[in-house]
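Visitor: Have a look; sequence and predicted model below, questions after that.
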Amino acid sequence: MENTQFSGLKDQVHDAQITFRTLLNALSYPGTSREISIQLTPPPGLTLACAAACLTLFDLETIVWLSEEFESEVKTWLKFHTGCHFTDHPQDAHFGIIHNINNREPLSSFNWGTAEKPERSTTLLIQFEALETSQFIRLNGPGVFGVRVVKLPLSASFIQEWKENHQSYPLGVDVFLFGENTVIGLPRTTNLSL
């Protein structure tokens, strides 16, 4: 039974459509911050934006990997609202949810797809706490006019791993970065540099 303290989407169809459009826009225009402004009360550990994305993207056939920092109530809440399944093996996941970008598994831990089926790769939903401590990152590629310079909460090690991810296209992971109520998309087609 659902813990009434934590709620799902108030208007399931409408809110999911709005969130899905926001996520698509975030991937279409890499590095731009988009607001997710729906009403939702997720369990502790999930930002509102990340929770909304989960409820929009997951279903009965979705396999999810959760980083170990999440409390068990997050898994219970996601299972109740989406019917998704969970795995302890990042390579098996359709989606990986990372509690905090400063404590994450390497990108290479996840499924990068195959030459025949690159779409089978894992999509990562990564939470961050604040952009104030971020550094300026240069982005270029599809969806970016010329070069875009934005503040992102990415470490030098993430940038290095991303280079390999980007160079492996069409293989590789796509990433959504979530603040409390914002999302930034990083598709594998985007090149990142300091």
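Guide: Yes, it's here.

Visitor: Tell me the secondary structure at the residue positioned nearest the centre of the chain.
Guide: Nearest to the geometric centre of the chain sits residue 125, at 1.9 Å (C-alpha atoms, centre = their mean). The assignment at residue 125 comes out as strand when based on DSSP: H, G, I helix; E, B strand; the rest coil.

Visitor: these two touch, right, it and residue 176?
Guide: Yes: using C-beta atoms under 8 Å, residue 125 is in contact with residue 176, at 5.2 Å. All C-beta spots, glycine's among them, are computed from the backbone N, C-alpha and C.

Visitor: Assign residue 136 to helix, strand or coil.
Guide: strand.

Visitor: quick one: contacts for it?
Guide: 149-151, 194 (C-beta atoms under 8 Å, 6 or more residues apart in numbering).

Visitor: just the helices in this protein please.
Guide: With helices called from DSSP state H, the chain shows them at 12-28, 48-57, 72-82, 156-167.

Visitor: Turn the ones you listed into a markdown table, including distance to residue 181.
Guide: Converted to a markdown table, the helices of the chain look like this (distance: least, C-beta to C-beta, whole Å):
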| stretch | distance to residue 181 |
| --- | --- |
| helix 12-28 | 11 |
| helix 48-57 | 5 |
| helix 72-82 | 18 |
| helix 156-167 | 23 |
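
Visitor: Can you say which of those helices is nearest to residue 130?
Guide: Smallest distance to residue 130 across these (C-beta to C-beta): 13.7 Å, for helix 48-57.

Visitor: Tell me what angle that closest one forms with helix 72-82.
Guide: 40 degrees (axes from the mean of the first three to the mean of the last three C-alpha atoms, to 10 degrees).
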